[in-house]
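Colleague: when you get a sec, could you give me coordinates for this:
(one chain, ligands or ions: 1)
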Amino acid sequence: MAKPFRIGMIGYGFMGKAHSNAYRKVGNFFDLDFDVQLKAICARTAENAQDFADTWGYESVETDWRRLLERDDIDAVDICVPNNLHKEIALAAADAGKIILCEKPLAMNTVEGEEMCQAVERAGIANMVWYNYRRVPAVTFAKKLIDEGKLGKIFHYRANFLQDWTISEELPQGGNALWRLDVAAAGSGVTGDLLAHCIDTAIWLNGGIADVNAMTETFVKERMHNLTGKVEPVGIDDACTFMCHFKNESLGLFESTRYARGHKALYTLEINGEHASLKWDLHDLHRLDLFDHQDEGTVRGWRSIHVTDGEHPYMDRWWVPGLQIGYEHTFVHQVADFLQDYAAGNPATPSFRDALETQKVCDAVLSSAQSRQWTDVQ
Ligand code: SOE
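Modeller: Predicted coordinates:
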């Protein structure tokens, strides 16, 4: 008999939908010891909370997250609110003994993140941060190939995350849909929002980052602020490029921007090793390109592996070989892994502590861009 796993979600934006969809689907496709129940959704207004509850099947609504944390019919809290609220809610949730699943990035900065790690570790509660791209089957498969030694020594790691949705100077900053442009709510721009994904995947695939040298730019310097109604300086980085040394001596090159006209969410990565190279592209997310130098010379070349076979990570849970899955499935995989780890008494990944490593790299990147110096990752 499956045990209930009762979710209280705080926040109801785009990520709230992605997570709610995952909670609803996971039990249909994965064998779990838990029955995931959508107990409560918390939003600032009862009307918004009720709309979301009706759409996604939450049993009840709250308008005060503290009240949600007091409830004894909630096992796990999903923090899906802007970054500046993560710490306060996580500390209170840890105090209340709730399991915490927190949207990325972990915090506004490393100092906050460290406090959050200490709180969950002191409370001994399960915790996880939603870096979902680890759970794209092709990316998980890349991890397997690297761990098996297919690439040998790694020389280069390259990643980009390109978007184009903030080019217009007319776009305001702040408020519900646009908090990502408001430094007070987001902490940073593309560094914490997009490069954080690239950094999380990179650390997972290629190990820790030792030092960084970065540049950032804010192309639109002032925008109308939705909360004050005034034109205010823009404090976020619109674009960020950095190079780095990994601890394994490989060289890294990362670029992210919201000003790459034509690119909506182009996350790409390439890894070059002694024996083989790998390439992956979010727009073609079920494919992993592999060049294997050990192939026989005359037929050697890049091959494109359609990562949809039953033997590929997660794919035995979905359709028949050859049929694809998409973005939303990465969240389903993350909940499935979380619940399986939780049932087995294993820590979830990425944990708050894992996500703190990404936060440290983001902080070093922002500090290097400011000082124009190589900066060690603390
Ligand atoms: C920003 O546009 C965004 O939605 C990020 O916040 C997500 O983390 C990323 O996966 C897609 O882009």
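
Colleague: nearest the geometric middle of the protein, what residue?
Modeller: For the chain, the residue nearest the mean C-alpha position is Y131 (2.5 Å; C-alpha atoms, centre = their mean).

Colleague: list the contacts of it.
Modeller: K104, A196, H197, D200, T201, P350, A355, T358 (C-beta atoms under 8 Å, 6 or more residues apart in numbering). In this view, the C-beta of every residue, glycine as well, is placed from N, C-alpha and C.

Colleague: K87 too?
Modeller: Taking C-beta under 8 Å, 6+ apart, we find K87 in contact with A107, M108, E112, E115, M116.

Colleague: pLDDT wise, what is the residue nearest to the centre of the chain at?
Modeller: We have a pLDDT of 98 for Y131.

Colleague: that one and C102, how far apart?
Modeller: From Y131 over to C102 the distance is 10 Å, taken as C-beta to C-beta, to the nearest Å.

Colleague: which residues do the two both contact?
Modeller: A355.

Colleague: check the contacts of Y131 and tell me the two furthest apart.
Modeller: Farthest pair in those (C-beta to C-beta) is T201 and A355. Separation: 12.3 Å.

Colleague: hmm, back to that, the ligand next: which of the contacts of Y131 are close?
Modeller: With C-beta under 6 Å from any ligand atom as the criterion, the contacts of Y131 include H197 near the ligand.

Colleague: neighbour-wise, give me the winner out of the contacts of Y131.
Modeller: T358 (29 neighbours; other C-beta atoms under 10 Å).

Colleague: with just CA atoms, put the one helix or strand that one maps to into CSV.
Modeller: For T358, the host element (DSSP states H and E) is helix 352-371. The C-alpha trace of helix 352-371 is given here as CSV (Å, rounded to 0.1, in the frame of the first residue of the first chain):
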residue,chain,number,x,y,z
PHE,A,352,20.8,22.1,-1.4
ARG,A,353,24.5,21.4,-0.8
ASP,A,354,25.0,20.4,-4.4
ALA,A,355,23.1,23.5,-5.6
LEU,A,356,25.3,25.6,-3.3
GLU,A,357,28.3,24.7,-5.5
THR,A,358,26.5,26.2,-8.5
GLN,A,359,25.7,29.3,-6.4
LYS,A,360,29.4,29.7,-5.5
VAL,A,361,30.3,29.6,-9.2
CYS,A,362,27.6,32.2,-10.0
ASP,A,363,28.9,34.5,-7.2
ALA,A,364,32.5,34.1,-8.5
VAL,A,365,31.3,34.9,-12.0
LEU,A,366,29.5,38.1,-10.9
SER,A,367,32.4,39.2,-8.8
SER,A,368,35.0,38.5,-11.6
ALA,A,369,32.9,40.5,-14.0
GLN,A,370,32.9,43.4,-11.6
SER,A,371,36.6,43.3,-10.7
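
Colleague: what does the helix or strand following that helix rub up against?
Modeller: Per DSSP H and E, the first helix or strand lying C-terminal to helix 352-371 is strand 375-376. If you take C-beta under 8 Å, 6+ apart as the criterion, strand 375-376 is touched by A210, D211, V212, N213, A214, A364, V365, S367, S368.
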